[in-house]
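>>> what shape does this take:
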Amino acid sequence: EIKGRMRARLPGLLRRTGQNNNKNKACPKSDGPPKSLNQLASLPFGYPDSKPVKSNVPAISCAILASVTTGGTSYAFSLYGGALKHSLHLTQAQLATISSANFLAGFFSWIPGLIVDRFGERFSLILGGSIGAISLVYFWAVATRLVDVPRSLIVVTLSSLGILIFLAVSLVTGSVFKAISSTCGPNTKGAVVGAAKGYVGVGAGAYAILFESLGRKNDLDCLLMIAGLNVLATTLPAVLLLTEKLSDDVIVVDDLSDHHLNTMYLGLMGLGVLVVGQSVSGHMDGTDLLSFDTSSASSSAPTSSKQTINADEEIPLKSDKSQQIPFSGSTAAVPFSNEGTSIDSYNEIDKKTDNVPDPPDETILVVNATPVGSGTLQPKKQYELFEMLSTYEAWLLLWTCTILTGGGTLMTNNMAQMSESLSLHDNVTPAALALFCAAQAFSRVATGVVSDACLQRYNWARPYFLVLASIATCIAHLVLAFAIHEISFVIGVVLAGIAFGMIWPLVVLIVGELFGTRHIGANYMFYDGFDSAIGTLLISMFIAGYVYEQHLEAGKDETTCYGKQCFQITHLAVAALSIICILTSLCLMKTKIAKRAYAQNP
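From the prediction side, this is the model:
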């Protein structure tokens, strides 16, 4: 009904603006819909001449390249940790302090997000890549004693540099997912977020393989390699491909095709196969990989026949004789198709239009800035960080994500000790780690694609997938709590990997859909840093460490615990907390913000 009314009103609108007196001249039926950005920009469909029309392909290319560096920088400490300890004669406690300093920075990761929202993706990528590279080089200089630092200040200096590196990575991470959330349409957003999260995970493993292939002499030299890749994959692409702040007076076209998606997934699959292959074959030390959040990808790439764009807010058209129809949203997006363009999104048009014959069938207009039937979810209110935190929806989501994230990092940080406590074969640890990596990587990719499909076809709101992730976490840790053989242990590890992988794309997508994409830099980075910091400290370090130490047998090995009781209570605690996550996820679906956001998808 809405489309029918709009088809009747379009010619009157075009005549009022003085841009077209012949409906077939704007979009000739013989030529079909416009198939290029130039054609689209020239059409008199109400887009002002002063606003440039740009494809989102350069922004997504920068985002995917930069996502590799975020994982490689964050999780690569084990590549050089041993060499750092011997070079500076550090104790194990001092080394642990340096390696865990970034957990403190996680509480402040929203600050880089605010910078992304304020200054844009291009500025933040350049700044984050540059600061990260400079900090890594200075870290290397201190570690190799090229810069003389007093003995009493070494730990403080390196910890401070670690925090600075983490904040630089947060700048890049916020820019990556701000660009994806602001420029991708509903049929591609989940797939691209899943791919980017996959590249974040596979980064550290890819860095390890690359460093091995370069002929490692001093493990500390990998800091220079990481610094160089920060510049090559983050700073330079942003300088060359991004010309302005994406969210400022730019009409962004979601121009991603199946070819682009296939390329992303083939690259991710190749890196994942290399990382998992190295882990299984034993070329890498299994304990080194425990701090990696590695991942691989499925070879089946999602397809997309239509992409849409997002407008931050809905602005009615002027009904005077103005030659332009203003858009005041920060980013407008235009639907694009591989076969041609069909306009599925348009602002509300004044009712006083002439009743004239319909325009050609190839042109379809829709009233709202949110495409009808497309599933583009933009809440009417765009929440800033502190506005978001004043809602109980934000805290329900935070609880769920924190517990599920902590359950995953429990596995990545303690898998070797779990295998050792059960007296499993030495080959079980690297094999289980590889399966965990593959499972969580597949889950990252599949969650983005499947949740998109379910949202579009069946109107299944994305928080329902939090319920599935919570159930998977509960089952996984119940299996692990009573596992005594290799088969049951590996089954629990795979289920835990699936649950852990689901969280990362879901939190990006849900935050954007509930609280808007205008301030998603700060909003998402709050969850990214806070979930990892609290979840890891609470579950992986405090609960697991306490339970493990309580079951050490006096008179025997006072550093190693044996038996399923070493981690059993920890797994049961995670399972119990996951049941609460099921309830909080269901409660989230019943809140006003969630109902209003997902009710837009008919």
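>>> going forward, measure contacts and count neighbours with C-alpha atoms only.
Fine.
>>> quick check: closest non-adjacent residue to Leu241.
Pro58 (5.7 Å; CA to CA, 6 or more residues apart in numbering).
>>> any idea how far that neighbour is from Thr173?
17 Å (CA to CA, to the nearest Å).
>>> okay, these two: which has more neighbours?
It is Thr173, of Pro58 and Thr173, that has more neighbours when counted by other CA atoms under 10 Å, with 32 against 16.
>>> just to check, that one is in contact with Val68?
No. Taking CA atoms under 8 Å as the definition, Thr173 is not a contact partner of Val68, at 10.0 Å.
>>> ranges for the strands of the stretch 101-250 of the chain?
250-253 (DSSP state E, counting those that start in this stretch).
>>> same question for the chain.
Counting by DSSP state E, the chain has strands at residues 53-55, 250-253, 306-307, 331-334, 336-337.
>>> from Ser152, how far out is Gly407?
From Gly407 to Ser152 the distance is 36 Å (CA to CA).
>>> look at the two and report which has more neighbours.
More crowded of Gly407 and Ser152, by other CA under 10 Å: Gly407, with 31 against 8.
>>> for the more buried one, which non-adjacent residue is closest in space?
Using CA to CA, 6+ apart, the closest residue to Gly407 is Val574 (6.4 Å).
>>> do you know how far the one you found is from Leu404?
With distances defined as CA to CA, the gap from Val574 to Leu404 amounts to 8 Å.
>>> Ile534 now?
Distance from Ile534 to Leu404, by CA to CA: 11 Å.
>>> need the pLDDT of Ala311.
At Ala311, the pLDDT value in this model is 35.
>>> what about Thr429, how many residues nearby?
Neighbours around Thr429, by other CA under 10 Å: 23.
>>> I'd say Val202 and Leu271 touch.
Yes. Judged on CA under 8 Å, Val202 makes contact with Leu271 at a distance of 6.8 Å.
>>> neighbour count winner among those two?
Neighbours per residue, other CA under 10 Å: of Val202 and Leu271, the larger number sits with Val202, 34 against 23.
>>> my guess is Glu384 meets Asn523, correct?
Yes. Using CA under 8 Å, Glu384 is in contact with Asn523, at 7.3 Å.
>>> who has more neighbours, those two?
Asn523 (31 against 19).
>>> how about the contacts made by the more buried one?
Residues near Asn523 by CA atoms under 8 Å, 6 or more residues apart in numbering: 110, 113, 384-385, 388, 511.
>>> just the pLDDT for it.
90.
>>> next one: it relative to Pro430, how far apart?
The gap separating Asn523 from Pro430 is 36 Å, by CA to CA.
>>> got it, and Ser87?
28 Å.
>>> ranges for the helices of the stretch 451-600 of the chain?
Assigned by DSSP state H, counting those that start in this stretch, the helices in the stretch 451-600 of the chain fall at 463-481, 486-515, 520-535, 544-550, 565-589, 592-598.
>>> dump the ones you listed to TSV, plus distance to Arg122.
As requested, the helices of the stretch 451-600 of the chain are exported to TSV (distance: least, CA to CA, whole Å):
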stretch	distance to Arg122
helix 463-481	31
helix 486-515	20
helix 520-535	13
helix 544-550	41
helix 565-589	34
helix 592-598	29
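>>> now do the contacts for Tyr138.
Neighbour list for Tyr138: empty [criterion: CA under 8 Å, 6+ apart].
>>> and for Ile98, the neighbour number?
Ile98 has 22 neighbouring residues, counting by other CA under 10 Å.
>>> so it touches Ile163, yeah?
No. Taking contacts as CA under 8 Å, Ile98 lies outside contact range of Ile163: 9.3 Å.
>>> pLDDT at the residue lying closest to Val467 once chain neighbours are set aside, what is it?
Excluding its sequence neighbours, the residue lying closest to Val467 (CA to CA, 6+ apart) is Ile582, at 5.1 Å. If you check Ile582, the pLDDT there is 95.
>>> having no further points to raise, I will conclude here.
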